[in-house]
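Enquirer: predicted model and sequence follow; I will ask about them next.
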Amino acid sequence: MKMPSGDPEVPDVVGIPHGAIGEDGRTCLRFDRQVMASFPPHAVVLSRLPLIDEVDRRVVSNPRLRVHDRSDSGVYVRMARLKLVFLIREPTPPRSAS
């Protein structure tokens, strides 16, 4: 896996279903110790259950890897994250003339 430019602090690693790409592609996208070492020390890595093979087994015990279960409220969490990223503001109701 090649790191993007900049200092990512909270990447979200997503699984790739078997058969979607070949093994060579899966291997180069796998999150391993070398990739983890390239992140700043304060960075955490998110991944969702079930883990397929997007995260190398030797990294699974790293305390900076935060594995979480998908839940019904996950959509709302992602919406809130996007809202923060893009600074989407709620429409302001018009003021009443007094």
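Expert: Received it, and whenever you're ready, just let me know what you need.

Enquirer: name the nearest residue to the spatially most central residue of the chain, ignoring sequence neighbours.
Expert: In the chain, the residue lying closest to the centroid (C-alpha atoms, centre = their mean) is D12, at 1.0 Å. Nearest residue to D12 in three dimensions, chain neighbours excluded: L46, at 4.5 Å (C-beta to C-beta, 6 or more residues apart in numbering). For the C-beta atoms, the positions are set from N, CA and C on the backbone; glycine is no exception.

Enquirer: wasn't that neighbour part of a strand?
Expert: Yes. Using DSSP: H, G, I helix; E, B strand; the rest coil, the assignment for L46 is a strand.

Enquirer: how many neighbours does it have?
Expert: Applying other C-beta atoms under 10 Å, we find 13 other residues in the vicinity of L46.

Enquirer: one more: V67?
Expert: Number of residues near V67 (other C-beta under 10 Å) recorded here: 14.

Enquirer: then V60?
Expert: Residues within reach of V60, counting by other C-beta under 10 Å, total 12.

Enquirer: which residues does it contact?
Expert: Taking C-beta atoms under 8 Å, 6 or more residues apart in numbering as the criterion, V60 is in contact with 51, 67.

Enquirer: now do the SS call for it.
Expert: Look at V60: counting by three-state DSSP, its state is coil.
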